[in-house]
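>>> sequence and computational prediction follow.
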Amino acid sequence: MTDKEKKALLNAFGIPEPDRKEEFAEEFRQRMSQKEKKRISPIVMRIAATAAMLTILAGIYAIMPSSPSDLDVKDKLTDTTTTVVYDQESNDEPITTSCKNITTAPTSSAQNTIVTKTAANDKKTIVTNSGTASEQRPVVATKGTASGGRISVTATASRTEKLSSKTSATLTITHTTRRNPTTVKPTATIIKTTATTANHYPVTSREETSATPVNPVYRDMTVTPDVIYTINGKVVDARSFDTNSNSPVSDGPPKESDNAPKGAYTNFEQKIREMFNNSYAVVLAKIDKIVYTSINGTPFTAENISVQEVFKGDINYNDMITVYVNGGYMPATEYMESHGAIYIDDPENVTVYDSGGCNGTQEEGETYLFFISNNAPDIPYGAFSLSAYGDEAVFRKRRNNYISLSNERMSFSTDLFN
Amino acid sequence: MSFDINEQYDKIYRYCFLKVRHKETAEDITQETFLRYLEHPDYKSVDKTLQLLYTIAGNLCTDEFRRKKASELSETDASDDDIEDSVLSGFELKQALGKLSDSDREIILLRYINEVPVNVIAKMLNISRFALNRRINRILTALHEYMGKEELT
């Protein structure tokens, strides 16, 4: 609604101006500032208490020993795989073997060395990565001496530091064991290594072959809804529940009539300009995925879109965001809970479709122009919503025009944003 | 909590005037609304500010109705207005508004003049957002029919 129309409507109501607004406003501000001052004291105390607690924690952390014992290493292992093979040799002969980490560590070339001694009558045991004896692969070297029937087994390894929070760690262990020669049975220490990466905002490279500008980095800012519905059983339109009106129920704003004066189209462009100014962002984007969800009992459709062109807003080309659109599908059982006056027969096998004021249909894989807002209440943090009622803020591009999804007779030129 | 007291005062005042139809009473109720709002436990919650203000105002207006007799409240009659003012201020629109029910007029005031978000109005009326939108569309369609030419949106 334009300011002129709003003023006309206000005049039509015939509401006189208040007389005591200014003096009350002054008094209200004073009362509010007094109330705020009273609130400050507890806040100051909380801040001071938090600061004291942090100081204590920092002191405790500083006092604690920095390097943990090697004996505790096993509990802190994060990831190294080792294969140990024990080879049988004759008595009194030194057995020398070496063990290598056969997993692919991306940054380190550290080796695991396990030195063992075996008795002559020991059976050959080959341990693979999975810990089972299945194939004979001389990948481990052991070293040791047997003397006087007593065998000492020594396993050595070394420990390396984790290189960065985004890379894998390789770990080796140093420890010494002694075994009774008659009962010697070497044991293998198996540690696993896996590569890890921080996974909050993956930075991925894409190769672009089209003529569009190449942006090697994109941001995945999509938000997954807490609840997702699927369409099951019979589908019922929510409009069929509306029996309070004498006139046919219609969702969406009144449409422009065929006999609309010429000025109506100019008004439409003015509306587009106002919507542009009122929007957080205006983007041309492709719908990657559509899911049906709800917020506070109201059906919504969450659309993951990939931005292809940005006309306004702090969003980049190739970014992926989630836009919540009014309306969608919802199980009848839940719809009835949030709309107390409505009764649906056999609700477990019924899905309710509520258009939410949308007249058009958006499809996955198609590209649309979106006017989006980032401050709608109740929308999940990080997600966006449309800047206008229903799908008035969504347009389909056709040649050099953007056609309104809400009313296909309304369109504007792509030059409007230039 | 932060809002412009001048702007919100006007909006709450209009809402109260529409209900009680008496200027001084509407101002008293408006001021009482803001004072009670300051004392309310949800005073600190930004999200609930608008809903709280209108809820308090609505309750005070209801109390006022119960206290005073209907005859002490005066209706603003379009026919009492100066004809010239009526013409300048949109006589047809005024006539059309007069044909609406009180609750429909209240919804129009809240939505288009006070610019209260749809979800807040829906919570005040205890209906869903979509039910409210459908109702608003019906009201606009009715106004459109009454006036016969201009659209409000």
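In hand now; what should we look at? Residues are numbered from 1 along each chain as shown, chains lettered A, B, ... in the order given.

>>> worst-scoring helix or strand of chain B, pLDDT-wise?
helix B:83-88 (a mean of 41; mean pLDDT, DSSP states H and E).

>>> pretty sure residue A:353 sits in a strand.
Yes - applying DSSP: H, G, I helix; E, B strand; the rest coil, one finds residue A:353 inside a strand.

>>> what pLDDT does the one residue in the stretch 51-200 of chain A that gets nearest to chain B get?
Distance from chain B to each residue of the stretch 51-200 of chain A (CB to the nearest CB) is smallest for residue A:51, at 22.9 Å. All C-beta atoms are positioned from the backbone trio N, CA, C, and that covers glycine. Model confidence at residue A:51, given as pLDDT, is 93.

>>> likewise the one 5 residues further on?
Note for residue A:56: predicted pLDDT of 92.

>>> and whichever strand or helix holds it, what does it pack against?
Element membership for residue A:56 (DSSP states H and E) is helix A:21-63. On a contact count with 3 or more CB pairs under 8 Å, 6 or more residues apart in numbering or on different chains; DSSP states H and E, helix A:21-63 meets helix B:5-20, helix B:23-39.

>>> quick one: those helices as CSV, columns for mean neighbour count, mean pLDDT and distance to residue B:129 too.
Conversion of the helices and strands packed on helix A:21-63 to CSV gives the following (neighbours: other CB atoms under 10 Å in any protein chain shown; pLDDT from 0 to 100; distance: least, CB to CB, whole Å):
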stretch, mean neighbour count, mean pLDDT, distance to residue B:129
helix B:5-20, 21, 91, 20
helix B:23-39, 19, 92, 24
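
>>> need the three-state assignment for the residue in the stretch 301-418 of chain A positioned nearest to chain B.
Going by CB to the nearest CB, chain B is nearest to residue A:357 of the stretch 301-418 of chain A, at 5.3 Å. For residue A:357, the assignment made with three-state DSSP gives coil.

>>> burial of the closest residue to it other than its chain neighbours, as a residue count?
Spatial nearest neighbour of residue A:357, excluding adjacent residues (CB to CB, 6 or more residues apart in numbering or on different chains): residue A:390 at 3.1 Å. Look at residue A:390: counted by other CB atoms under 10 Å in any protein chain shown, it has 23 neighbours.

>>> which helix or strand contains residue A:390?
Short version, using DSSP H and E: residue A:390 is in no helix or strand.

>>> looks like it contacts residue A:356 (just checking).
Yes - with contacts counted by CB atoms under 8 Å, residue A:390 reaches residue A:356, the gap being 6.4 Å.

>>> now the helices and strands packed on helix A:21-63 as a markdown table including distance to residue A:326?
Converted to a markdown table, the helices and strands packed on helix A:21-63 look like this (distance: least, CB to CB, whole Å):
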| stretch | distance to residue A:326 |
| --- | --- |
| helix B:5-20 | 25 |
| helix B:23-39 | 30 |
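
>>> export these to TSV and append columns for distance to chain A.
TSV is the format used below for the helices and strands packed on helix A:21-63 (distance: least, CB to the nearest CB, whole Å):
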stretch	distance to chain A
helix B:5-20	5
helix B:23-39	5
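
>>> and the pLDDT at residue A:141?
40.

>>> likewise for the one 3 residues further on?
We have a pLDDT of 40 for residue A:144.

>>> try residue A:44
83.

>>> again with residue A:308
For residue A:308, pLDDT reads 93.

>>> so what does it look like in phi/psi?
phi -110, psi -30 (degrees, to the nearest 10).

>>> mind checking what secondary structure residue A:268 has?
Assignment for residue A:268 (three-state DSSP): helix.

>>> number of residues surrounding the residue of the stretch 301-418 of chain A closest to chain B?
Count around residue A:357 with other CB under 10 Å applied: 25.

>>> does it really touch residue B:130, like I thought?
Yes - with contacts counted by CB under 8 Å, residue A:357 reaches residue B:130, the gap being 7.0 Å.

>>> with just CA atoms, put stretch A:275-289 into PDB.
C-alpha atoms of stretch A:275-289 as PDB (Å, rounded to 0.1, in the frame of the first residue of the first chain):
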ATOM      1  CA  MET A 275       9.600  -4.300  -3.000                       C
ATOM      2  CA  PHE A 276      13.200  -4.000  -4.200                       C
ATOM      3  CA  ASN A 277      13.900  -1.300  -1.600                       C
ATOM      4  CA  ASN A 278      12.200  -3.200   1.200                       C
ATOM      5  CA  SER A 279      14.100  -6.500   0.400                       C
ATOM      6  CA  TYR A 280      17.300  -7.700   2.000                       C
ATOM      7  CA  ALA A 281      18.300  -9.300  -1.200                       C
ATOM      8  CA  VAL A 282      17.100  -9.800  -4.800                       C
ATOM      9  CA  VAL A 283      18.600 -12.800  -6.600                       C
ATOM     10  CA  LEU A 284      18.100 -14.900  -9.600                       C
ATOM     11  CA  ALA A 285      18.400 -18.500  -8.500                       C
ATOM     12  CA  LYS A 286      17.800 -22.100  -9.300                       C
ATOM     13  CA  ILE A 287      15.700 -24.300  -7.000                       C
ATOM     14  CA  ASP A 288      17.800 -27.300  -6.000                       C
ATOM     15  CA  LYS A 289      15.500 -28.900  -3.500                       C
END
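
>>> got the contact list for it?
Outside of stretch A:275-289, the residues within contact range by CB atoms under 8 Å, 6 or more residues apart in numbering or on different chains are A:303-315, A:320-321, A:362-375, A:384, A:387-388, A:392-393, A:397, A:417.

>>> buried residues, it. List them.
By neighbour count on 16 or more other CB atoms under 10 Å in any protein chain shown, the buried set for stretch A:275-289 is A:275, A:279-285, A:287.

>>> of these, which belong to helices?
Members of the buried residues of stretch A:275-289 lying in helices (criterion: DSSP state H): residue A:275.

>>> for the residue lying closest to residue A:230 once chain neighbours are set aside, which residues make a bridge with it?
Once flanking residues are discounted, residue A:230 sits nearest to residue A:292: 7.6 Å by CB to CB, 6+ apart. Beta-bridge pairing for residue A:292 (DSSP bridges): residue A:229, residue A:301.
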